[in-house]
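Q: What follows is a predicted structure for the sequence shown.
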There are 2 protein chains.
Amino acid sequence: MPQMKPDWIAVDWGTSNLRAWAMGADGVLAEAVSDDGMGKLAPDRFEPALLRLISGWLGAGQTPVIACGMVGARQGWHEAPYRAVPCLPVASGALESVPTNDPRIAMRIVPGLAQTKPADVMRGEETQIAGALSLLRDFDGVICLPGTHSKWAHISAGEVVSFQTYMTGEMFALLSTQSVLRHGMAGGGWDQTAFDEGLSEAVSRPEKIAARLFTLRAEGLLTGLTADAARARLSGLLIGIELAAARPYWLGQDVVLVGAQSLTNSYARALATQGLTARTLDATACTLSGLATARGLLGKVSQ
Amino acid sequence: MPQMKPDWIAVDWGTSNLRAWAMGADGVLAEAVSDDGMGKLAPDRFEPALLRLISGWLGAGQTPVIACGMVGARQGWHEAPYRAVPCLPVASGALESVPTNDPRIAMRIVPGLAQTKPADVMRGEETQIAGALSLLRDFDGVICLPGTHSKWAHISAGEVVSFQTYMTGEMFALLSTQSVLRHGMAGGGWDQTAFDEGLSEAVSRPEKIAARLFTLRAEGLLTGLTADAARARLSGLLIGIELAAARPYWLGQDVVLVGAQSLTNSYARALATQGLTARTLDATACTLSGLATARGLLGKVSQ
């Protein structure tokens, strides 16, 4: 518990997890996390789940709470309707106010972004993009956020111009743990050469991807392909077809990667094979910075 | 139970199911099925599982039983080592004899086929290919067996020259029931136009596949894409990238499809969009015909 009460509380509320930070004038005072993700909460269980985490931080007055992520989905606590691109990733007046039973919190949710054609949506990444832009200043280029559903976003004049989602992380999880390929992928090691080979194959011949996957199983049976090599090659193949499809996003662009370090390392290495040097920002730093941007837009009066 | 005891018993023993047929001089006398698939049986449970199904068919003498499928895998009842292509799909002298406790059966397993480069394996499809070849006579061309793991096989002079496996059916099952896409795919209807669109997209631009999948979810959220259309488009996309990767197999070839009717219909329609008219054979008919070929190779003396 922090020594002093926070000015406001930052919340990253995804499908699987809930993270909260007590924020003071100089940054983070305290942090708390639970597995009360949006995916398992009925609408009336969100406020209690949040209070379990943050009630120790609340004082006599009302504390602003700003949340991003799936908490604002239709199946979440309170729907924060998508904003249409092109637009600023986080905008004044667009925060969704959420009625609460506890008068000690003033709850707001950052809405996600939607694109009509090709149809696409994001929730949470808009806040990381806003955070990245506040950390980078005057950035024009492309922000890539690798993850379960990787996002690539074209940024110009501070706005998200267009974006595209890839199910790369989810495909990797399904194929490596639920499909026939799981038999040859147990363990947690990594074979960098195998990653590079898979990547190279998929970037140069993406139209062959459907023929590449079962080969991992067959090589395991016939030539003793190791689990580490099979898993790394699968990752390379899937990131490779993502890069192949995302070429219009990264070709000749200034690319910034936002995500967990192990993932951004893989993507940076993959982009390097295409002659592109990407910068990297930490996902949590971007989330906090983006939520602080939203907080700044609210103004101190509304506290 | 058949009126007369069968000459032999045909068995199709896959990962999920066990099917047996009592075979007489004029064909099938009786059929039985259970869910005792290879996937859930310890090695010593195979013989009891088989006897539960066929003991009523057994007479005083010894009855030959010929099985194909995953029953011959290393994790099955008794390993039937792969035979290397190019080779006949089912060959004299290659049937694997399996010791049994019950003296009333003479158990044999048809071995699967393996290819070194690119590494690939099949178990069960070699029997369907042998069956298709006995039904077609003097066929040179390509046999495609759509399914959980679709196989394409080049056939020349009665031999399997090369083959390639695609995880199309398993990918469809994982994506439509386990991934984020499942939210917009409930139900059992079908939108043929959506299938055709997905197919066309994927065949003409397979390198874009990674960008096409999440669009199904986003269109469900933003433009009300129906579950039937989403599921059919996903199927079209996945069959489309299979066709794109399998182009060297079907281009300019005589193609025969072997499989369940709903699947072979989809593949036939897909190939038709590429200007190719494929013939279709029933999967069970091919399995039985292939097992009969194996039975014929044994000779009647060995009974």
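A: Done, it's in. Numbering: from 1, shown residues only, chains lettered A, B, ... in the order given.

Q: Per-residue pLDDT of the residue of the stretch 1-150 of chain A found nearest chain B, please?
A: Scanning the stretch 1-150 of chain A for the residue nearest chain B gives A:A119, at 3.9 Å (criterion: Cβ to the nearest Cβ). Where C-beta positions appear, they are placed from N, C-alpha and C, glycine not excepted. We have a pLDDT of 97 for A:A119.

Q: do A:G188 as well
A: Looking at A:G188, its pLDDT is 85.

Q: Could you tell me how many residues sit around it?
A: By other Cβ atoms under 10 Å in any protein chain shown, 7 other residues sit near A:G188.

Q: show me the contacts for the residue of the stretch 1-150 of chain A closest to chain B.
A: Shown in contact with A:A119 (Cβ atoms under 8 Å, 6 or more residues apart in numbering or on different chains): B:215, B:218-219, B:221-223.

Q: element containing A:E242?
A: helix A:227-245 (DSSP states H and E).

Q: Strands along the stretch 1-150 of chain A, start to end?
A: Per DSSP state E, counting those that start in this stretch, the stretch 1-150 of chain A carries strands over the ranges A:8-13, A:18-24, A:27-34, A:63-68, A:83-84, A:96-98, A:105-109, A:113-115, A:120-122, A:141-145, A:150-156.

Q: ok, and what's touching the fifth one?
A: Spelled out, it's strand A:83-84. Here strand A:83-84 has contacts from A:91, A:94, A:111-116, A:126, using Cβ under 8 Å, 6+ apart.

Q: what residues are up against the residue nearest the centre of chain A?
A: Centroid check for chain A by Cα atoms, centre = their mean gives A:E125 as the closest residue, at 5.1 Å. Counting by Cβ under 8 Å, 6+ apart, A:E125 touches A:113, A:145, A:151, A:153.

Q: same question, A:G169
A: Each residue near A:G169 by Cβ under 8 Å, 6+ apart is listed here: A:146-150, A:263.

Q: gap between the two ends of stretch A:219-236?
A: End-to-end distance of stretch A:219-236 (Cα to Cα, to the nearest Å): 16 Å.

Q: Can you tell me which residues in the stretch 151-300 of chain A are near chain B?
A: A:164-168, A:170-171, A:174-175, A:178-181, A:206-211, A:213-215, A:217-219, A:221-223, A:238, A:241-242, A:244-246 (Cβ under 8 Å from any Cβ of the partner chain).

Q: Take these and keep only those in strands.
A: Using DSSP state E, the subset of these located in strands is A:164-166.

Q: Low-confidence ranges, the stretch 151-300 of chain A, go.
A: The stretch 151-300 of chain A contains residues with pLDDT under 70 at A:299-300.

Q: Quick check: most distant residue from the centroid of chain A.
A: Most distant residue from the mean C-alpha position of chain A: A:L222, 38.3 Å away (Cα atoms, centre = their mean).

Q: Setting aside sequence neighbours, what's the nearest residue to it?
A: B:A119 (5.0 Å; Cβ to Cβ, 6 or more residues apart in numbering or on different chains).

Q: Then A:G72?
A: For A:G72, ignoring the flanking residues on the chain, the nearest one in space by Cβ to Cβ, 6+ apart is A:A80 at 3.4 Å.

Q: burial of that neighbour, as a residue count?
A: The number of residues packed around A:A80, counting by other Cβ under 10 Å, is 24.

Q: ok, it - contacts?
A: Per Cβ under 8 Å, 6+ apart, neighbours of A:A80: A:72, A:95-96, A:109-112.

Q: Let's see which of these end up in helices.
A: Using DSSP state H, no member of the contacts of A:A80 falls within helices.

Q: top of these by neighbour count?
A: Highest neighbour count within these, by other Cβ under 10 Å: A:V110, with 30 neighbours.

Q: I'd say it and A:R295 touch.
A: No: distance between A:V110 and A:R295: 10.1 Å, which falls outside the contact criterion (Cβ atoms under 8 Å).

Q: what residues does the stretch 1-150 of chain A put near chain B?
A: So far as Cβ under 8 Å from any Cβ goes, the stretch 1-150 of chain A lies against chain B at A:82, A:114-116, A:118-121, A:149.

Q: which among these end up buried?
A: Among these, those buried by neighbour count (16 or more other Cβ atoms under 10 Å in any protein chain shown) are A:82, A:114-115, A:119-121, A:149.

Q: Including distance to B:L136, could those go into CSV?
A: Shown next, in CSV, are those (distance: Cβ to Cβ, whole Å):
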residue, distance to B:L136
A:Y82, 55
A:A114, 53
A:Q115, 50
A:A119, 45
A:D120, 47
A:V121, 50
A:H149, 46
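
Q: Contacts only, for A:W190.
A: A:228, A:231-232.

Q: can you redo the residues you listed as a markdown table with neighbour count and distance to B:T63?
A: Formatted as a markdown table, the contacts of A:W190 follow (neighbours: other Cβ atoms under 10 Å in any protein chain shown; distance: Cβ to Cβ, whole Å):
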| residue | neighbour count | distance to B:T63 |
| --- | --- | --- |
| A:D228 | 18 | 47 |
| A:R231 | 27 | 46 |
| A:A232 | 24 | 50 |
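
Q: can you map out the helices along the stretch 151-300 of chain A?
A: With helices called from DSSP state H, counting those that start in this stretch, the stretch 151-300 of chain A shows them at A:168-177, A:192-204, A:209-222, A:227-245, A:247-250, A:261-272, A:283-298.

Q: Can you tell me which of those is packed in deepest?
A: Ranked by mean neighbour count, the helices of the stretch 151-300 of chain A are led by helix A:227-245 with a mean of 25 (mean count of other Cβ atoms under 10 Å in any protein chain shown).

Q: Which other helices and strands does it contact?
A: In terms of contacts (3 or more Cβ pairs under 8 Å, 6 or more residues apart in numbering or on different chains; DSSP states H and E), helix A:227-245 is packed against strand A:159-166, helix A:168-177, helix A:192-204, helix A:209-222, helix A:261-272, helix B:209-222.
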